[in-house]
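Colleague: Give me the fold of what follows.
(2 chains, ligands or ions: 2)
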Amino acid sequence: MNFFYNFGRYLMMLRLMLCKPENGRMYWEETVRQMSSIGLGSVGIVAFVAVFMGGVSAVQTVYQLVAPYISLTVVGSIVTNSSILELGPSITSLVLAGKIGSNIASELGYMRSSEQIDALEIMGVNPVAYLVGPKMVACLTMIPLLVITSFSMSILGGMVICQLTGLITYDQFIEGARSSFLPYDVFFAMCKAVTFAFFISSVSAYHGFHVQGGALEVGRASTKAVVYCCVLILLGDYILAQLLL
Amino acid sequence: MIRLQGISKKFGDKAVLEDIHATFLPGKVNMVIGASGSGKSVLMKTMVGLVKPDAGQLFYQNLELGEMDVDQRNELRQKIGMLFQSAALFDSLTVLDNLLFPLRMFRPAPKAEMQERVAYCLERVGLAGTENLFPSELSGGMKKRVGIARAIVLEPQFLFCDEPNSGLDPKTSIRIDHLIQDITNEFQITTIVNTHDMNSVLECGDHIVFLYKGRKTWEGDRRLILNSDNEPLNELVYASRFLQQFREKAS
Ligand SMILES: Nc1ncnc2c1ncn2[C@@H]1O[C@H](COP(=O)(O)OP(=O)(O)OP(=O)(O)O)[C@@H](O)[C@H]1O
Ligand SMILES: [Mg+2]
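Modeller: Numbers count the residues shown, from 1 in each chain, chains lettered A, B, ... in the order given. Ligands and ions are numbered 1, 2, ... in the order given. Coordinates of the predicted model:
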C-alpha cells in the first residue's frame, strides 16, 4: 500500500517537471550551475576511485593467472573489459549515489523544512520544475561523462600499475586491451550511466522534496535516498546486463 | 478582496481551523491575532493555497481558489507577496539575489533598473547596504525584514505577513508597522498580518480577527478591542499583570 502511494507520488513529481518554465533563462542558469557543481564537483573522487579500481584489478588478475601458458597480455583485456562494462559505470554510480544523491536529498529536504520550497510556490514558480528539473538534466548529462572519465582512468590506472610493478609493460597491456575492445561495450556502459543517473537524481530528489519535519527527517531522507539509489542501481545493473549483453 | 466561507482544516484528528468566515478588504491592514498555536499560520497558508482546506471556500475577488485552473492560479500567485514566519529566504543566495529572484523570474528588466528597485525595497525596511550578505549572516529580525522586502518587491496586490515584527526591537517594529500601513494605503492592497504583538495591533489594525483554538470568536477594529467582553481576547490584550490591575482600577 505504502509502496503504491510513494510510487504514485514519485510519478506525479516526474510529471510536474514537464511544465513550461516560467522563465527559460533562469532555468538555464540553474542547470549550468548544477552541471558544474555535480560534474566538476565529482571529478576528483571519481578519478581517485577509478585509478585504484584499475590498479587493484590488474594486480589481482596477474595474481590469479599463474599458469605459464597464458599470455600476460590478457591482463590488459580483462582490466579494460571489466572497467568499461562493470567497474566504470556501476562502481562510479554507487559512489555518486552516496555523493550526489545524499547532497540532492539533503538540499531539497532542508529547503522543504525551512519553507523555502513553499516560498517558491507562493511566488508562482513551479518548485518541482525549477528545483528538480535542472538537477536531473545535470545528472543525465554529467554522470555519463563521469563514467567515461572513470573507466578511462581505471584502464590508465591498471596500465600504470602493471608497468610500475614490472608485471607487464605498457605495450603488452595495450596489445591485450586492443585485442578485445568492442565499441558496443561503451554503448552498454552509456546505457547504464544514463539509467543510473536517472535513478540517482529522481529518487534522491523525491526523498528530499517530500520531507516532513525538521533536521532529523532531513538526515533520514538523505540516508534513505542513498540506500534506495544503491538498491536500484544494483537491480538495474543486473536487468540491463540480461537485456543488452 | 479576500473572502473566507466556512474554512475548516484538520491535521489527523486535531481540528486546527473550524468554520471560519471572514472578509478582508483592500486598502486596510487586516490583522489575525490569537495566542500561540491558535491556528494563525495555518489559516494564512490556507489562504495562499499551501494548505488545502477540508471544507469551505476561499474567494479572491470573485474567483474561488479551489476552482482556479493552473494558469489562473499562477497569475494570482504573482500578485501575492508573502512573508513566512521563518522568513524562508533562499540560503544559497545573497540578500540582493534573494530580492532579484522574483524580479528576474517574472519581470525581467535591465539590470540597473532591477537593482534600483531592490535598493528601494531594502531602504524601506531599513536594510540598505546589506546586499552582499548571505541569510546566515543576518540576525533573526534582519531576516524578517529582508523577507518583507522580498514580499513587496513585485508590488503585490495581496500581502501576507506572518508575524512581521516578532524578534524586532520596539522602534524597528513600529517602523515595519508603518511600512505595511503605508504600502497598504498607497497601493490599495489587501494586507493580512498575523501577529500577537498588541503594539502593532493598536498601531495599525484596521480590521482585527481574533482566533481562539481555531475558531473566530471576535472581530472588529482596534478601538473596540480594549473594551470587548470576550474573555480569551482580554487575556491576550491584557496579558501582563500590570495591565490587568490597571484595567481593574479603571472599571
Ligand atoms: N503540518 C502540520 N501537521 C500537524 N499539525 C500542525 C501542522 N501545522 C500546524 N499544526 C498544528 O496546528 C496548530 C496551529 O498551528 P499554527 O502554526 O497555525 O499556530 P500559530 O497560531 O501560528 O502559532 P504561533 O503564534 O506560535 O506561530 C498547532 O497546534 C499545530 O500543532
Ligand atoms: Mg504562526
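
Colleague: Centroid-nearest residue for the chain?
Modeller: No chain was given, so I picked chain A. A:S93 (3.0 Å; Cα atoms, centre = their mean).

Colleague: wrong chain, I was asking about chain B
Modeller: Nearest to chain B centroid, counting by Cα atoms, centre = their mean: B:C161, 1.8 Å.

Colleague: Identify the residues contacting whichever residue of chain A sits closest to ligand 2.
Modeller: Closest to ligand 2 within chain A is A:E115: 11.4 Å, counting by Cβ to the ion. C-beta here means a position set from N, CA and C on the backbone, and glycine is covered the same way. Residues in contact with A:E115 (Cβ atoms under 8 Å, 6 or more residues apart in numbering or on different chains) are B:84, B:86, B:88.

Colleague: Tell me the secondary structure of the closest residue to it other than its chain neighbours, please.
Modeller: In this structure, A:E115 finds its nearest non-sequential neighbour in B:A88, 4.0 Å apart by Cβ to Cβ, 6 or more residues apart in numbering or on different chains. Secondary structure, DSSP: H, G, I helix; E, B strand; the rest coil: B:A88 is coil.

Colleague: shouldn't B:A88 be in contact with A:S114?
Modeller: Yes. Using Cβ atoms under 8 Å, B:A88 is in contact with A:S114, at 6.2 Å.

Colleague: In terms of packing, which of the two has more residues around it?
Modeller: In terms of neighbours (other Cβ atoms under 10 Å in any protein chain shown), B:A88 is the more surrounded of B:A88 and A:S114; the figures are 24 against 21.

Colleague: For B:L133, list the residues it contacts.
Modeller: Shown in contact with B:L133 (Cβ under 8 Å, 6+ apart): B:94-95.

Colleague: So it lies in a strand, does it not?
Modeller: No. Looking at B:L133 with three-state DSSP, it is coil, so not inside a strand.

Colleague: low-confidence ranges in chain B?
Modeller: Low-confidence segments of chain B (pLDDT under 70): none present.

Colleague: and it, which residues reach ligand 1?
Modeller: B:11, B:16, B:34, B:36-42, B:85, B:196 (Cβ under 6 Å from any ligand atom).

Colleague: could you give the mean pLDDT of the top helix by length along chain A?
Modeller: Ranked by residue count, the top helix of chain A under DSSP state H comes out as helix A:133-164. Average pLDDT, helix A:133-164: 95.

Colleague: go on, stretch A:182-197?
Modeller: 94.

Colleague: Could you tell me which residues within that stretch count as buried?
Modeller: A:185-186, A:188-189, A:191-197 (16 or more other Cβ atoms under 10 Å in any protein chain shown).

Colleague: Now, these that are in helices?
Modeller: Among the buried residues of stretch A:182-197, the members found in helices (DSSP H) are A:185-186, A:188-189, A:191-197.

Colleague: so which of those would you say is closest to A:T223?
Modeller: A:F196 (18.9 Å; Cβ to Cβ).

Colleague: pretty sure the closest one is in contact with A:I233, am I right?
Modeller: Yes. Using Cβ under 8 Å, A:F196 makes contact with A:I233 at a distance of 5.1 Å.

Colleague: shared neighbours of the two, which are they?
Modeller: With Cβ under 8 Å, 6+ apart, A:F196 and A:I233 have common neighbours A:90, A:93, A:97.

Colleague: would a markdown table of those with pLDDT and distance to ligand 1 be doable?
Modeller: Formatted as a markdown table, these follow (pLDDT from 0 to 100; distance: Cβ to the nearest ligand atom, whole Å):
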| residue | pLDDT | distance to ligand 1 |
| --- | --- | --- |
| A:S90 | 94 | 40 |
| A:S93 | 96 | 35 |
| A:A97 | 95 | 30 |
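
Colleague: show me what contacts A:T31?
Modeller: Here A:T31 is in contact with A:133-134, A:137-138 (criterion: Cβ under 8 Å, 6+ apart).

Colleague: Would you confirm that it belongs to a helix?
Modeller: Yes. Counting by three-state DSSP, one finds A:T31 located in a helix.

Colleague: mind listing the helices for the stretch 1-150 of chain B?
Modeller: B:40-48, B:70-77, B:95-106, B:111-124, B:140-152 (DSSP state H, counting those that start in this stretch).

Colleague: quick one: which of those is nearest chain A?
Modeller: Counting by Cβ to the nearest Cβ, chain A lies closest to helix B:70-77 out of the helices of the stretch 1-150 of chain B; the figure is 3.5 Å.

Colleague: burial count for residue 68?
Modeller: No chain specified, so I'll use chain A. 7.

Colleague: not quite, I wanted chain B
Modeller: By other Cβ under 10 Å, 15 other residues sit near B:M68.

Colleague: Show me where chain B has its strands.
Modeller: B:2-11, B:14-24, B:29-33, B:55-60, B:63-64, B:80-83, B:158-162, B:190-195, B:207-212, B:215-220 (DSSP state E).

Colleague: Can you add distance to A:Y238 and give these back as CSV?
Modeller: Shown next, in CSV, are the strands of chain B (distance: least, Cβ to Cβ, whole Å):
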stretch, distance to A:Y238
strand B:2-11, 43
strand B:14-24, 46
strand B:29-33, 57
strand B:55-60, 50
strand B:63-64, 51
strand B:80-83, 48
strand B:158-162, 50
strand B:190-195, 54
strand B:207-212, 57
strand B:215-220, 58
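
Colleague: Which among the helices of the stretch 1-150 of chain B is found nearest to B:D229?
Modeller: With Cβ to Cβ, the closest approach to B:D229 among the helices of the stretch 1-150 of chain B belongs to helix B:40-48: 22.5 Å.

Colleague: Can I get that closest one in CSV, CA atoms only?
Modeller: These are the backbone C-alpha positions of helix B:40-48, laid out as CSV (Å, rounded to 0.1, in the frame of the first residue of the first chain):
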residue,chain,number,x,y,z
LYS,B,40,-2.9,31.8,12.6
SER,B,41,-0.1,30.4,10.4
VAL,B,42,-2.3,27.5,9.2
LEU,B,43,-5.0,30.0,8.3
MET,B,44,-2.6,32.1,6.3
LYS,B,45,-1.2,29.1,4.5
THR,B,46,-4.7,28.0,3.7
MET,B,47,-5.5,31.4,2.2
VAL,B,48,-2.5,31.4,-0.1
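
Colleague: and the angle from it to strand B:215-220?
Modeller: Calculated by axes from the mean of the first three to the mean of the last three Cα atoms, to 10 degrees, helix B:40-48 forms an angle of 80 degrees with strand B:215-220.

Colleague: which other helices and strands contact helix B:40-48?
Modeller: strand B:2-11, strand B:14-24, strand B:29-33, strand B:80-83, strand B:158-162, strand B:190-195 (3 or more Cβ pairs under 8 Å, 6 or more residues apart in numbering or on different chains; DSSP states H and E).

Colleague: returning to what we had before: which ones are touching the residue nearest to the residue nearest to the centre of chain A when sequence neighbours are not counted?
Modeller: Closest residue to A:S93 apart from its sequence neighbours, by Cβ to Cβ, 6+ apart: A:F196 at 3.8 Å. Contacts here follow Cβ under 8 Å, 6+ apart; on that basis A:F196 touches A:89-90, A:93, A:96-97, A:143, A:233, A:236-237.

Colleague: at 7 Å what do you get?
Modeller: A:89, A:93, A:143, A:233, A:236 (Cβ atoms under 7 Å, 6 or more residues apart in numbering or on different chains).
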